[in-house]
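Peer 1: give the three-dimensional model of this entry:
(chains A and B)
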Amino acid sequence: MNTTNKPTGLNLVSEPIVGALILKISGELDASSSLDFDARLKQLIAEGHTHFIFDGTELAYIASAGLGVFISNKDDVYEKGGQFIFFGLREGVQNVFNLLGLSDLFTFVSSQEEAMDLLA
Amino acid sequence: MTLYALLGDVSLPCFPSQLLRLPDTLHRFPWLKPFFPLAAFLAWALAAASSASEAYEGPYVLLPWVSGVLVAVFYAASLAFALVYDRTPKPVEPEILLRNMLVGGLFTLSLVLLSQLFPPGNRGPLAYFTGEVYPLLACVPLIIYQVRSFARIRHLIDERSATTRQWQRSMTVLLFAAAFAAVLPLPGLLLFTLFALAAVPAFSLLFRVRWIGELSQNSRVYVFVYLFLITWVHLGLVLWFFVEDAHGIFFSQAHQNPFPLLLLMFNGAYALMSLLSVLFNWPMTAIMERRNNDIFGFQSLHEQISHQGSAEDIQELLLDLCYRNSGARAAWFTRPLNGAQQVQYLKRGEVALGQISRWEGGLRQLAAAEVAEREGHLYVRNAVRHPQLEDLGAQFKTALSFPMSVNGQPEGSLVLLKEPEDAFDEYSIRMLGTYVNQARLALEKNRLVAQAVENERMKNEFEIATRVQENLLPRAAPVRSWVSLAVAYRPAQEVGGDCYDFFEREDNLAMVVGDVTGKGMGAAFNVAELKGIFHSNLDHLDDPEEFLYRVNKAVSACFDPQIFLTLVFLSFRPLDNQFIYARAGHCPILFYRAADGNAAYLEDKGMGLGIVRTERYRSHIQVNSHRFDTNDIIVLFTDGIMEANHPETGEEFGLERLRHIVARHAFFTAEEIKRRILDDIQEFLGGGRAGDDITLLVIKFQ
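Peer 2: Residues are numbered from 1 along each chain as shown, chains lettered A, B, ... in the order given. A predicted model of the protein is given here:
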């Protein structure tokens, strides 16, 4: 288990499972913390990971810059046949995704098991 | 209580104030001026005539006494004239004053010596003149010279202190008293007491030689020479007047009148005292000079601070001051350039650039080893003892180095070198340290001012940016008979990422409210670009799908991948009482129907622009249309309103709250509804600022 603690409140835990990477995002994904998140995600993609499962159970807030991280990285992943799957998003955060029309673009499920079933 | 203070206290109330104001009174009557020399001359002439007569019998028995009185009058008138009509220029320059005094003294002495060439005794007209008359004449310049000198010395003595002024007055009054007392029929003891009394103020005044301490090194030499000669002149005069018995030829009464003696002795003693002071002060002057230089150095540094000298000026000045005032043989200042990648050396004295760069390394090593963490100077007493400084030690044994840092950043170092070992004393090191500190303050202030200027510039640029953005927004909402529009735009910072625009073409009226990722300057640039993109697509005002598709295409090409935007595009068909719209990931549209009094957010789908940057975006666009009637209301807004946080609870303003306000105030005009919404948001924020840009557009059909 690999933990990155940032004073901005973003706490990223990545857990490799078979064929996918589970990233738990805690705290707030705002303009400053999304810079770290973006760097981390880009690095993981560069390492060859394609299937990402984002655990949003502890993501309290997402700013447009945070959404920008998913949006700007999605093409690289999807080109390689990868996926962004979100589970456990809180209602407020889910609404932000929905409002922006991202529900058509990413996959949203309710639990980790469901997410892993999708990949299986 | 000392004797001195006691005497001072006693003497202070002695003189009536009228007497002290006498010179001022006399000045008010300028016609009195010629009477003093006239009286003096008459008195002298009569005294001389009366003393020349040898008949002391019969009615002439009083002649010696009359002659004595006339002598006293002559003395007193001369002294009064010299003091009252003294024209010594202010401020007093001791060097010039003493030079004039010396010239007068030499002139007087030469006149007096001339009389010695002709011994008395021989008869004949010429012999009578040279033996009898000439010495009498020679006495006049002597007295004049003495009273002038007395007046001049008064100026040398510091008149700023009240006690000194009192002593000067005592001395003057006692001189007058002595002149007249000698001819009064007083007992000898009383006379002696009076003369002895004169010694008290005289003695006290002799030590008032503060002016010597204020002399510059240069004029000190001249003053010393002048004083030396003046002392000798006075010695010569005293010898001639009293020891050589020259006065015997003058008049016997001079013997009894102590006035010339008192004056000569006082002037001579003061000159001698000053001479000794100059002599004994000599070693002190080097120290004084150094202190003066130090003070001057501080002044120059302060001037630099107040005159906004550049960093280079301050460094040059620091180097100059330290080099000059420490008496170092060589000195340099290392100035970092381009963030310490390179250095520049400013140097003074006998040192070459090649040597500096060699020695600097050794000194730095030593400083790292010895000074370590401590912020302070490095003092090398004997460079020979340190292997790192072997090369330096061959030429200079003592080295003193001050590191300098400004706001915690290293800002060069100062190095001073001397040939003998351990050549800087504690005082010098402390003084130099103070210079370095002063210079550091000046540099810090310099930097602060530069920062303030930069801030001011930034502020100006922000103001310009704000104005540019204001110009990018529509100046006024379009006016149509069937609709009224009210709009508010409040960026969270000087500029923002929100935008709104109205498009009019022929009968079409369309509008857009949007929000680009982020806020501030970066977002504002994108907004500016967006305005251009909108206006290049005015052909598609009636076709929201085409409009959004084209905007998305342009945005995909122009904006960075992580930048996207949301907007609502709304186009009216007033003839059909219809509006068509497409929501590109933006906040939902609030639609109030007057018919049922219900306010609701329109349900629809749509994706933000710049998210899917391919042809596939078209499939994400959903165009909807609704009918509108009179008094229906549409509210468009950005997420700054939704996400306005309560300062305490952190609760968001939210969609529900907005819906209720509109429903409650639906019968008001568009402008009034807009005002109510803004007021409610402001109240909700409790005087705080919204975290994000706020844009609000209220549309009411009529």
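Peer 1: residue contacts, residue 101?
Peer 2: Just going to use chain A. By C-beta atoms under 8 Å, 6 or more residues apart in numbering or on different chains, the contact set of residue A:101 is B:584-585, B:605-608, B:611, B:620. For the C-beta atoms, the positions are set from N, CA and C on the backbone; glycine is no exception.
Peer 1: chain B was what I was after
Peer 2: Neighbouring residues of residue B:101 by C-beta under 8 Å, 6+ apart: B:148-149, B:152, B:226, B:230.
Peer 1: how about the residues of chain A near chain B?
Peer 2: Residues of chain A lying close to chain B by C-beta under 8 Å from any C-beta of the partner chain are A:31, A:38, A:64-65, A:67-69, A:71-72, A:75, A:99-102, A:104-105.
Peer 1: 6 Å - rerun?
Peer 2: A:64, A:68, A:71-72, A:100-101 (C-beta under 6 Å from any C-beta of the partner chain).
Peer 1: from chain A, which residue is nearest to chain B?
Peer 2: Closest to chain B within chain A is residue A:101: 2.8 Å, counting by C-beta to the nearest C-beta.
Peer 1: next one, pLDDT for that residue please.
Peer 2: Note for residue A:101: predicted pLDDT of 89.
Peer 1: surely residue B:70 touches residue B:46?
Peer 2: Yes - Residue B:70 is within contact range of residue B:46, at 4.9 Å (criterion: C-beta atoms under 6 Å).
Peer 1: the more surrounded of those two?
Peer 2: residue B:70 (25 against 17; other C-beta atoms under 10 Å in any protein chain shown).
Peer 1: if I look at that one, how far off is chain A?
Peer 2: 105 Å (C-beta to the nearest C-beta, to the nearest Å).
Peer 1: secondary structure element holding that residue?
Peer 2: Using DSSP states H and E, residue B:70 sits in helix B:63-84.
Peer 1: gap between that helix and the chain center?
Peer 2: Here helix B:63-84 is found 57 Å from its chain centre; the criterion is C-alpha atoms, centre = their mean, to the nearest Å.
Peer 1: CA atoms only for that helix, dumped as CSV, please.
Peer 2: Extracted as CSV, the C-alpha positions of helix B:63-84 are listed here (Å, rounded to 0.1, in the frame of the first residue of the first chain):
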residue,chain,number,x,y,z
LEU,B,63,48.9,116.4,39.2
PRO,B,64,50.1,112.8,39.8
TRP,B,65,46.6,111.9,41.1
VAL,B,66,44.9,113.7,38.2
SER,B,67,47.2,111.9,35.8
GLY,B,68,46.3,108.6,37.5
VAL,B,69,42.6,109.3,37.0
LEU,B,70,43.1,110.2,33.4
VAL,B,71,45.1,106.9,32.9
ALA,B,72,42.2,105.0,34.4
VAL,B,73,39.7,106.8,32.1
PHE,B,74,42.0,106.0,29.1
TYR,B,75,42.0,102.3,30.1
ALA,B,76,38.3,102.1,30.8
ALA,B,77,37.3,103.9,27.6
SER,B,78,39.6,101.7,25.5
LEU,B,79,38.1,98.5,27.0
ALA,B,80,34.5,99.8,26.7
PHE,B,81,35.1,100.7,23.1
ALA,B,82,36.7,97.3,22.3
LEU,B,83,33.9,95.4,23.9
VAL,B,84,30.9,97.4,22.8
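Peer 1: quick check: mean pLDDT across it?
Peer 2: For helix B:63-84, the per-residue pLDDT averages 80.
Peer 1: just checking, what packs against that helix?
Peer 2: helix B:35-52, helix B:134-156, helix B:162-181, helix B:253-256 (3 or more C-beta pairs under 6 Å, 6 or more residues apart in numbering or on different chains; DSSP states H and E).
Peer 1: please identify the most buried of those.
Peer 2: helix B:134-156 (a mean of 21; mean count of other C-beta atoms under 10 Å in any protein chain shown).
Peer 1: longest strand in chain A, please.
Peer 2: Taking DSSP state E as the criterion, chain A has its longest strand at strand A:20-29.
Peer 1: just checking: what are the partner strands of it?
Peer 2: The strands that strand A:20-29 pairs with in its sheet are strand A:11-17 (antiparallel), strand A:51-55 (parallel), strand A:59-62 (parallel) (by DSSP bridges).
Peer 1: out of everything not next to it in sequence, what's closest to the closest residue to chain A within the stretch 401-550 of chain B?
Peer 2: Nearest residue of the stretch 401-550 of chain B to chain A: residue B:517, at 4.5 Å (C-beta to the nearest C-beta). Closest residue in space to residue B:517, ignoring its immediate chain neighbours: residue A:64 at 4.5 Å, by C-beta to C-beta, 6 or more residues apart in numbering or on different chains.
Peer 1: where does the prediction get shaky in the stretch 601-702 of chain B?
Peer 2: For the stretch 601-702 of chain B, no stretch has pLDDT under 70.
Peer 1: kindly recompute the last result at 80.
Peer 2: Scanning the stretch 601-702 of chain B for pLDDT under 80 picks out B:687-691.
Peer 1: now for the residue in it positioned nearest to chain A, how many residues are close by?
Peer 2: Using C-beta to the nearest C-beta, residue B:607 is the residue of the stretch 601-702 of chain B that sits closest to chain A, at 2.8 Å. Neighbour count for residue B:607, taken as other C-beta under 10 Å: 26.
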